[in-house]
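Q: 3D model of this:
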Amino acid sequence: MKNRIFYIMLLLMTVLACSDEFSETIEIGTLNPEALANEEGVNFLLTAAYSSLDGVTNASGGWEATGDNWWMDVISDDAHKGSTDGDQQTLFQLEVHDWSTGLSYISSKWRALYAGANRANAVIVQIAGAENGEILFQNQLAQARFLRGHYNFQLQIMWGKYATYISDENYSNVEFAQPNGTDLWANIDADFDYAQKNLPDSQSDYGRATNWAATAYLGKSKLYQGDYSAALGLLETVIGGPFSLLPEYIDNFRQAGEQGSESIFAIQFNTVGGAFAPNGNQGGTLNFGGPNGWCCGFYQPTQDLVNSFQTSAGLPLLDDYNKTDVKNDAGVESTEDFTLHTGPLDPRLDYVVGRRGINYNNWEIHPGKSWIRAGFGDISGPYLARKNVYWNGEDALQGAGNWGQQHSGINYHFIRLADVILMAAEAAIFTDDLAKGLDYINQIRSRAKNMTYMKDAGGADAANYEIELYTTLGDKTNAIKALQMERRLELGMEGHRLFDLRRWGDYPNTMNTYITNETRTISNFGPKTTAVGSKHNLLPVPVSAIDQSSGTLTQNPDW
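A: Next up is the predicted model:
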């Protein structure tokens with residue numbers, strides 16, 4: 001599907017002139033509604049709505065609006081901005097929580113999500129205007145409503161009730177300046193519910209929304225709202241569907257796992273297009289470092305994340321993982337001696353984090369500082385990301401942009417089965433079914449225990465890997481801790497951590513503790529960082545959006 005999106009989008013931006021700015025009016029284009037009121041025209045608009053998933057639209061492009069939410073990890077305890085402190089100063093401000101209403105990363109994300117929601121609205125309006133449209137184009141309408149639900153879900157978890165809802169009726173009437181102040185959940189659920197009831201179990205094109213994706217997303221929405229019973233039923237429906245965990249954890253981020261049994265809904269990146277891969281991950285262009293002189297060393301895992309992979313008797317250190325640090329080479333040149341950490345570690349660590357002395361995606365053994373763009377005086381630390389970086393030899397996933405940046409073809413999973421299983425575990429625990437929560441958490445740990453571990457040059461395990469299943473989760477308080485840790489271990493560096501912490505009500509406290517602990521490894525991290533407060537639980541509404549709405553939008557009072 002993504003092969004066609006780029007070329008359709010070029011035509012779309014040339015002839016349709018449909019506004020992507022949420023508060024702008026529709027301009028007159030050369031394609032009138034009658035010209036689009038057929039299957040080809042509806043599919044044309046629907047493809048445009050899918051194309052917005054990666055954040056690259058005529059309203060907002062590049063890494064700031066990226067669909068994979070990588071920089072959301074930067075404002076959590078999973079990742080540092082990366083590179084030098086002065087490179088991408090706005091992103092540095094985000095990491096150190098020196099936020100303002102005018103930061104470009106925030107406004108770019110806002111514009112991109114409303115671009116997607118309005119492209120979905122364009123499909124819905126077009127179908128409504130066609131004779132017998134809802135009957136003739138029921139599949140396309142259900143896909144459009146799924147996509148609108150997706151974009152509004154993202155807006156809700158980033159801005160809460162300070163996002164605004166634009167209906168298809170608002171869109172049709174060119175009424176973009178809608179007041180905010182009310183949660184979007186009811187509208188989100190209505191869209192996912194419609195999609196669930198009207199989408200097929202499978203589609204002819206990879207990446208298209210299915211009944212299963214809509215059910216999973218509706219379950220996720222219910223979980224975020226604290227409706228755990230409803231969430232559990234929906235999520236278990238998906239678990240009982242045609243999906244299965246891939247035997248190898250890392251295949252979710254390798255060529256072998258593309259369109260695999262674990263994928264439920266993902267951005268379909270690919271590298272077709274030669275030197276400039278237009279359908280590759282343009283939002284993650286800067287998130288490469290290490291071998292081959294790649295640009296640009298952003299998105300570096302934290303010491304805090306690495307520490308969370310420590311184990312005792314094969315189980316996570318739920319309360320004590322940050323009392324000691326996994327040995328690192330911060331402040332150590334590649335020419336200086338370094339000995340790897342010898343303590344027990346969860347084997348997923350070395351598929352999530354690139355660290356010195358360990359094979360890095362089959363390119364080379366990570367040599368340490370010579371692959372790290374940041375200097376010792378910067379706050380980015382000694383590690384590299386791995387999940388977003390393609391492996392040596394997997395040519396189908398390797399692409400480049402027009403100035404040497406990487407346009408990876410690795411799909412980004414909005415939802416994969418492991419995520420669904422852990423959401424089901426969370427819902428089960430909060431409904432006091434600790435036995436079911438234990439089973440679901442152990443399903444994830446069992447895959448990690450039985451996968452192939454990272455090896456050294458001699459074929460032995462590259463580190464002291466120890467992982468076991470839980471025999472009990474203890475009481476509910478401990479079960480919640482185990483679930484929260486398992487989500488971090490399984491989903492680290494996938495753009496989920498910020499929203500998990502906010503959903504659990506743990507964000508400010510967790511972040512302030514993290515800042516203190518991270519400063520042991522990066523001595524100037526704490527001094528450069530602002531204390532995290534309740535206002536950071538949501539992004540501020542971009543001042544440009546308020547201005548464009550002529551004051552209809554109001555700012556989050558915390559800002």
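
Q: any stretches of the stretch 1-150 of the chain with poor pLDDT?
A: Judged by pLDDT under 70, the stretch 1-150 of the chain has its weakly predicted residues at 1-37, 58-61.

Q: tell me where it has helices.
A: 2-15, 33-36, 39-51, 70-74, 89-95, 104-129, 133-136, 138-159 (DSSP state H, counting those that start in this stretch).

Q: want to try a markdown table for those, with mean neighbour count and distance to D251 as columns?
A: No exception for glycine: its C-beta is placed from N, CA and C like everyone else's. Shown next, in a markdown table, are these (neighbours: other C-beta atoms under 10 Å; distance: least, C-beta to C-beta, whole Å):
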| stretch | mean neighbour count | distance to D251 |
| --- | --- | --- |
| helix 2-15 | 16 | 20 |
| helix 33-36 | 14 | 40 |
| helix 39-51 | 20 | 24 |
| helix 70-74 | 25 | 20 |
| helix 89-95 | 19 | 30 |
| helix 104-129 | 24 | 28 |
| helix 133-136 | 14 | 39 |
| helix 138-159 | 24 | 25 |
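
Q: mind putting the ones you listed in CSV, distance to G404 included?
A: Formatted as CSV, the helices of the stretch 1-150 of the chain follow (distance: least, C-beta to C-beta, whole Å):
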stretch, distance to G404
helix 2-15, 20
helix 33-36, 39
helix 39-51, 24
helix 70-74, 19
helix 89-95, 20
helix 104-129, 22
helix 133-136, 46
helix 138-159, 30
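
Q: the ones you listed: which one's closest to G409?
A: Nearest of these to G409, taken as C-beta to C-beta: helix 2-15 at 9.1 Å.

Q: A424: which of the helices of the stretch 1-150 of the chain is closest?
A: It's helix 138-159; of those, that one is closest to A424 (C-beta to C-beta) at 18.1 Å.

Q: ok so, going back, I166 is nearest to which of the helices of the stretch 1-150 of the chain?
A: Evaluated over the helices of the stretch 1-150 of the chain, closeness to I166 peaks at helix 104-129, with 6.3 Å, by C-beta to C-beta.

Q: and that closest one, what does it pack against?
A: Contacts defined by 3 or more C-beta pairs under 8 Å, 6 or more residues apart in numbering; DSSP states H and E place helix 104-129 against helix 33-36, helix 39-51, helix 89-95, helix 133-136, helix 138-159, helix 168-172, helix 543-548.

Q: the last one - contacts with which helices or strands?
A: Which is helix 543-548. helix 104-129.

Q: tell me how far the helix it packs on is from the chain's mean position?
A: On the basis of C-alpha atoms, centre = their mean, to the nearest Å, helix 104-129 sits 19 Å off its chain's mean C-alpha point.

Q: pull the distance from stretch 276-288 to the chain's centre.
A: For stretch 276-288, the distance to the chain centre is 15 Å (C-alpha atoms, centre = their mean).

Q: also stretch 367-374?
A: The answer for stretch 367-374 is 26 Å, by C-alpha atoms, centre = their mean.

Q: same check, this time on stretch 292-312
A: 16 Å.

Q: can you give me the buried ones in that stretch?
A: Neighbour counts over stretch 292-312 (16 or more other C-beta atoms under 10 Å) mark 294-311 as buried.

Q: now, which of these lie within strands?
A: If you go by DSSP state E, the buried residues of stretch 292-312 have 298-301, 311 in strands.

Q: out of those, who's nearest L501?
A: Closest to L501 out of these is P301 (16.2 Å), distances taken as C-beta to C-beta.

Q: mind putting the ones in strands among the buried residues of stretch 292-312 in a markdown table, distance to P347 and pLDDT included?
A: Listed next are these as a markdown table, based on distance: C-beta to C-beta, whole Å; pLDDT from 0 to 100:
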| residue | distance to P347 | pLDDT |
| --- | --- | --- |
| F298 | 26 | 96 |
| Y299 | 22 | 97 |
| Q300 | 21 | 98 |
| P301 | 16 | 98 |
| T311 | 10 | 98 |
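
Q: mind listing the strands for this protein?
A: Under DSSP E, the chain gives strands at 79-82, 263-267, 298-301, 311-312, 315-316, 353-354, 359-360, 364-365, 384-385, 412-416.

Q: Throw these into a markdown table and include distance to I480, thanks.
A: Output for those, formatted as a markdown table (distance: least, C-beta to C-beta, whole Å):
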| stretch | distance to I480 |
| --- | --- |
| strand 79-82 | 24 |
| strand 263-267 | 25 |
| strand 298-301 | 24 |
| strand 311-312 | 19 |
| strand 315-316 | 13 |
| strand 353-354 | 25 |
| strand 359-360 | 35 |
| strand 364-365 | 39 |
| strand 384-385 | 28 |
| strand 412-416 | 22 |
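
Q: pull up the gap between the residue of the chain positioned farthest from its centre and L141, please.
A: For the chain, the residue at maximal distance from the C-alpha centroid (C-alpha atoms, centre = their mean) is E131, at 38.6 Å. Relative to L141, E131 is positioned 14 Å away (criterion: C-beta to C-beta, to the nearest Å).

Q: quick one: which of the helices of the stretch 1-150 of the chain is nearest H496?
A: Ranked by C-beta to C-beta, the member of the helices of the stretch 1-150 of the chain that lies closest to H496 is helix 70-74, at 8.3 Å.

Q: chain center to that closest one: distance?
A: Relative to its parent chain, helix 70-74 has a centroid offset of 8 Å by C-alpha atoms, centre = their mean.

Q: cool, stretch 310-317 as well?
A: Stretch 310-317 has its C-alpha centroid displaced from the chain centroid by 27 Å (C-alpha atoms, centre = their mean).

Q: hey, C-alpha coordinates of it in PDB?
A: Extracted in PDB, the C-alpha atoms of stretch 310-317 (Å, rounded to 0.1, in the frame of the first residue of the first chain):
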ATOM      1  CA  GLN A 310      18.800  -6.100  35.800                       C
ATOM      2  CA  THR A 311      17.500  -9.300  37.300                       C
ATOM      3  CA  SER A 312      17.800 -11.400  40.500                       C
ATOM      4  CA  ALA A 313      16.900 -15.100  40.200                       C
ATOM      5  CA  GLY A 314      15.700 -14.200  36.700                       C
ATOM      6  CA  LEU A 315      13.100 -11.700  37.900                       C
ATOM      7  CA  PRO A 316      13.100  -7.900  37.600                       C
ATOM      8  CA  LEU A 317      14.200  -5.700  40.500                       C
END
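
Q: pLDDT score for the residue nearest the centre of the chain?
A: In the chain, the centroid-proximal residue (C-alpha atoms, centre = their mean) is G495; its distance is 3.4 Å. Here, the pLDDT recorded for G495 equals 97.

Q: quick check on it: phi, psi?
A: phi 80, psi 20 (degrees, to the nearest 10).

Q: residue ranges in the chain under the pLDDT threshold?
A: In the chain, residues with pLDDT under 70: 1-37, 58-61, 273-275.

Q: hmm, Y50 is touching F146, no?
A: No: in this structure, Y50 is not within contact of F146 by C-beta atoms under 8 Å, at 10.2 Å.

Q: if we can go back for a sec, include distance to N512 when you put the ones in strands among the buried residues of stretch 292-312 into TSV, please.
A: Compiled in TSV, these are given as follows (distance: C-beta to C-beta, whole Å):
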residue	distance to N512
F298	24
Y299	22
Q300	21
P301	20
T311	26
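
Q: of those residues, which is the nearest to W185?
A: W185 lies nearest to Y299 out of those, by C-beta to C-beta, at 30.4 Å.

Q: nearest to T285, of the helices of the stretch 1-150 of the chain?
A: Judging the helices of the stretch 1-150 of the chain by C-beta to C-beta, what sits closest to T285 is helix 70-74, at 10.6 Å.

Q: kindly export stretch 112-120 (C-alpha atoms) in PDB.
A: What follows is stretch 112-120, C-alpha atoms only, in PDB (Å, rounded to 0.1, in the frame of the first residue of the first chain):
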ATOM      1  CA  ALA A 112       0.000  16.600  11.700                       C
ATOM      2  CA  LEU A 113      -2.600  14.900  13.800                       C
ATOM      3  CA  TYR A 114      -5.300  17.400  12.700                       C
ATOM      4  CA  ALA A 115      -4.200  16.900   9.100                       C
ATOM      5  CA  GLY A 116      -4.800  13.200   9.500                       C
ATOM      6  CA  ALA A 117      -8.200  13.600  11.300                       C
ATOM      7  CA  ASN A 118      -9.400  16.000   8.600                       C
ATOM      8  CA  ARG A 119      -8.300  13.800   5.800                       C
ATOM      9  CA  ALA A 120     -10.400  11.100   7.400                       C
END
